[in-house]
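Peer 1: fold the following, please.
(chains A and B)
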Amino acid sequence: MSQTLYQKIYQSHVVGQLNASTDLLYVDRHLIHEVTSPQAFAGLKQANRPVRRPDLTYATMDHNVSTQRRSMDAAGETSRKQLEALAENCDEHRIPLLDLTHPDQGIVHVIGPELGLTQPGMIIVCGDSHTSTHGAFGALSFGIGTSEVEHVLATQTLPQQAAKTLSIVIDGELSAHVTPKDIIMAVIGQLGTAGGNGYVAEFSGSAIRGMSMEGRMTLCNMSIEMGAKAGLIAPDDTTIAYLKGKPHAPTAEHWDAAVVYWRSLHSDADATFDQVVHIDASHIKPQVSWGTSPEQVIAVDQPIPAADDFTESSKQDAARRAYEYMGVQAGQKLTDLTVDVVFIGSCTNSRIEDLRAAAKVVQGKQVASGVRALIVPGSGQVKRQAEAEGLADIFKAAGFEWREPGCSMCLGMNDDRVESGQRCASTSNRNFEGRQGRGSRTHLVSPSMAAAAAIAGRFVDITTGEWA
Amino acid sequence: MNPSIHTIFAGGLVCPLDKNNVDTDQIIPKQFLTSVSRDGFADALFFDWRYLSDGSPNPEFVLNAPQYQGASILLSRANFGCGSSREHAPWALQQYGFQVIIAESFADIFYNNSANNGMLLIALSKGNIDSLFNRCSEGPQQWQIDLKNQEIRFGNNAALGFDIDQDVKQRLLSGLDFIGSSEQLAPKISDFEQSRKNNLPWLG
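Peer 2: Numbers count the residues shown, from 1 in each chain, chains lettered A, B, ... in the order given. The predicted structure follows:
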């Protein structure tokens, strides 16, 4: 019987059946970080359970670290305790940890791929919703809660039920300055933040085939923002070329066999999906979120919609509340909005390609006066590469702060926060109320749109005028 | 881990939170996630809505209304619990006193996290959710939740049935140890690891 990619990966990981609807699936990689793991380790200790496969478990410090300096106590006392707890737990259970002194430390969803820990056909879990990022490699990857983290530590498995399948076919050539971030934001605008609930979404089509691994990661990263359990992209030559030579990629001895296996990982031509959506990428323009949900998003040249434009009363109510919280009005042009803060970073957009795109816009220009602009590279590797390519110098010369790797202002767990009432152009993934700090006003954009906003001091349409 | 398991969902006072897309950043903001404990999150629940910037209770927020003090059932709208995977969200709801959440739909990770902590989440159609909000607008409600028979009981013999995943239902009713039941398959896990090592040796 023909199968989708999701069904193939799911079935190949079934250890056994727990009951009529629930399977026990094997987990190939378990990524952990300081925020969602301490209670799981405490639970293990209480029940006197060991970690079954510390060799398949990898830890990093990212959510709660200072990006100003590499010190455990730089983000405050409670943060230090949490980081120390992770170090102690990893030490006790012999789990490899990329701590603040490690040159490759970084955001969990940036380092997994760049170290080659993420490979096609795997099941990868992490106590973080943006684990969907790793689906870019054709790995079934999803976020889990702390009770599940404990379950995986103890058994290297997780009880699961089969999800529904959603095919998102994206064809057409992207216009200049339109990025994978704009595509996924347009998709979320179309399907809504609950449109993917209960589904695993597989992205395919010519626009995906032409996309770099960095772009695919951005796309899969935000599939959680439409509620999908995971995003998936079948591996191809681009995937295989990316993995070759990565520290944890298969060694020469196994490389050829691995590639043969990876090439078998695709949906069968006659596989049926529970739902199919077609997107024409050539019509997509740079996107900006205007409200407090990722589905409240428009192209930069569109006016902010009126509440009456929505048919559902619940969306009308949400729009009215968003106008008030965001300090915007129906009909207003985004390009009339000034920004106070610009944040380029997060597991969505902190990779080398993102920084190159931003640097291209910034080169030879200055950050507008009164704008605070941060660049937070996703990992030590990204930071070193950006410095070697001269990108860091471009940013610093323009007036950007050049930071150490971490999650930073995406969620403001450390001291990188947006003040109440301030407007932020952010390359992150969530524009929820208070996400970047109480009262913060977040507009989600691509790296080049964020960079242009920093220079202009307001949102600009980078497809027009001096920016094009 | 032994999450508190309620064998009887006796129910009680209902608090109506009339919003769609109640996200995990609203349920518990990031500054409370630095804890290494599972406890102590009750006061952090809905922090930014519940307290004014000077720290005093926000009289406009429904949870602070005198008639909803002691509520154990939360009624909300679509896509409740969207956003992050933080299990601190169900911990905060449960520690505040909620045993049951009724909404039009729930985000997947939040649903699993809640079930793993013995909290009952009931999803109903938009029409049924509308009618439950209408009931709440008539005055404070006391409902009984009968999980075994899958019914919300309103008194006067009126009731509304609900669907639930049978696996989740069994776990909530029996209080089976989440990890313990998987550990019963330990020999199969070992077998799987052996065949994985033989067939896909690069996976480690």
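
Peer 1: do the lengthiest helix in chain B and chain A meet at all?
Peer 2: Across chain B, the longest stretch assigned as helix under DSSP state H is helix B:186-199. Yes. Helix B:186-199 lies within reach of chain A by Cβ under 8 Å from any Cβ of the partner chain, at B:186, B:188-189, B:192-193, B:196. In short, each C-beta sits where N, CA and C put it, glycine included.

Peer 1: low-confidence ranges, the chain, go.
Peer 2: Here I'm looking at chain A. Within chain A, no range satisfies pLDDT under 70.

Peer 1: to clarify, I was referring to chain B.
Peer 2: Residues of chain B that meet the cut-off, pLDDT under 70, sit at B:1-10.

Peer 1: state the three-state secondary structure for the nearest residue to A:Ile144 once chain neighbours are set aside.
Peer 2: Distances taken as Cβ to Cβ, 6 or more residues apart in numbering or on different chains put A:Val125 closest to A:Ile144, at 5.0 Å, once the chain neighbours are dropped. Three-state assignment for A:Val125 (DSSP: H, G, I helix; E, B strand; the rest coil): strand.

Peer 1: surely A:Val125 and A:Gly145 touch.
Peer 2: No. Taking contacts as Cβ atoms under 8 Å, A:Val125 lies outside contact range of A:Gly145: 10.4 Å.

Peer 1: who has more neighbours out of these two?
Peer 2: A:Gly145 (29 against 26; other Cβ atoms under 10 Å in any protein chain shown).

Peer 1: hang on, the earlier thing: spatially, which two of the residues of helix B:186-199 next to chain A are the most separated?
Peer 2: Longest distance between any two of the residues of helix B:186-199 next to chain A is 15.4 Å, between B:Ala186 and B:Arg196; criterion Cβ to Cβ.

Peer 1: in terms of neighbours, single out the busier of those two.
Peer 2: Ranked by neighbour count (other Cβ under 10 Å), B:Ala186 and B:Arg196 place B:Arg196 first, with 17 against 13.

Peer 1: I'd say that one and A:Tyr26 touch.
Peer 2: Yes. Between B:Arg196 and A:Tyr26 there is a contact under Cβ under 8 Å: 7.0 Å.

Peer 1: could I get the residues of helix B:186-199 next to chain A as a markdown table with distance to B:Val62?
Peer 2: Output for these, formatted as a markdown table (distance: Cβ to Cβ, whole Å):
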| residue | distance to B:Val62 |
| --- | --- |
| B:Ala186 | 47 |
| B:Lys188 | 48 |
| B:Ile189 | 46 |
| B:Phe192 | 49 |
| B:Glu193 | 50 |
| B:Arg196 | 51 |
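
Peer 1: just give me the neighbour total for B:Asp167.
Peer 2: So B:Asp167, with other Cβ under 10 Å, has 17 neighbours.

Peer 1: pretty sure it sits against A:Gln161.
Peer 2: Yes. Using Cβ under 8 Å, B:Asp167 is in contact with A:Gln161, at 7.5 Å.

Peer 1: who touches both of the two?
Peer 2: A:21-22 (Cβ atoms under 8 Å, 6 or more residues apart in numbering or on different chains).

Peer 1: can you pull out the helices in chain B?
Peer 2: Secondary structure of chain B (DSSP H): helices located at B:24-27, B:47-50, B:88-96, B:108-115, B:126-137, B:166-174, B:178-183, B:186-199.

Peer 1: closest one to A:Gly215 among the ones you listed?
Peer 2: That would be, of the helices of chain B and by Cβ to Cβ, helix B:108-115, which comes in at 24.9 Å.

Peer 1: for the closest residue to A:Ile284 other than its chain neighbours, what are its contacts?
Peer 2: Counting by Cβ to Cβ, 6+ apart, A:Ile284 lies nearest to A:Ala186, which is 4.8 Å off, once chain neighbours are set aside. By Cβ under 8 Å, 6+ apart, the residues touching A:Ala186 are A:279, A:284, A:287, A:297, A:299.

Peer 1: for A:Ala186, helix, strand, or coil?
Peer 2: Per three-state DSSP, A:Ala186 ends up helix.

Peer 1: residues near A:Ala388, how many?
Peer 2: So A:Ala388, with other Cβ under 10 Å, has 9 neighbours.

Peer 1: compute the first-to-last residue distance for stretch A:292-301.
Peer 2: For stretch A:292-301, the first-to-last residue distance is 19 Å (Cα to Cα, to the nearest Å).

Peer 1: any residue of it touching chain B?
Peer 2: Yes. Stretch A:292-301 reaches chain B (Cβ under 8 Å from any Cβ) through A:Ser293.

Peer 1: now that stretch: buried residues?
Peer 2: In terms of neighbour count (16 or more other Cβ atoms under 10 Å in any protein chain shown), stretch A:292-301 has its buried residues at A:292-300.

Peer 1: max-length strand in chain A?
Peer 2: For chain A, the longest strand by residue count, based on DSSP state E, is strand A:164-171.

Peer 1: mind giving me the packing neighbours of that strand?
Peer 2: Counting contacts by 3 or more Cβ pairs under 8 Å, 6 or more residues apart in numbering or on different chains; DSSP states H and E, strand A:164-171 packs against helix A:180-191, strand A:199-204, helix A:206-209, strand A:275-280.

Peer 1: run the angle between that strand and helix A:180-191 for me.
Peer 2: 130 degrees (axes from the mean of the first three to the mean of the last three Cα atoms, to 10 degrees).

Peer 1: contacts for strand A:164-171, please.
Peer 2: A:4, A:6-7, A:183, A:187, A:196, A:198-208, A:228, A:267, A:273-281.

Peer 1: just the buried ones from those residues, in PyMOL syntax?
Peer 2: Selecting only the buried entries of the contacts of strand A:164-171 in PyMOL, with 16+ other Cβ under 10 Å as the criterion:
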select buried, chain A and resi 4+6+7+183+187+196+198+199+200+201+202+203+204+205+207+208+228+267+273+279+281
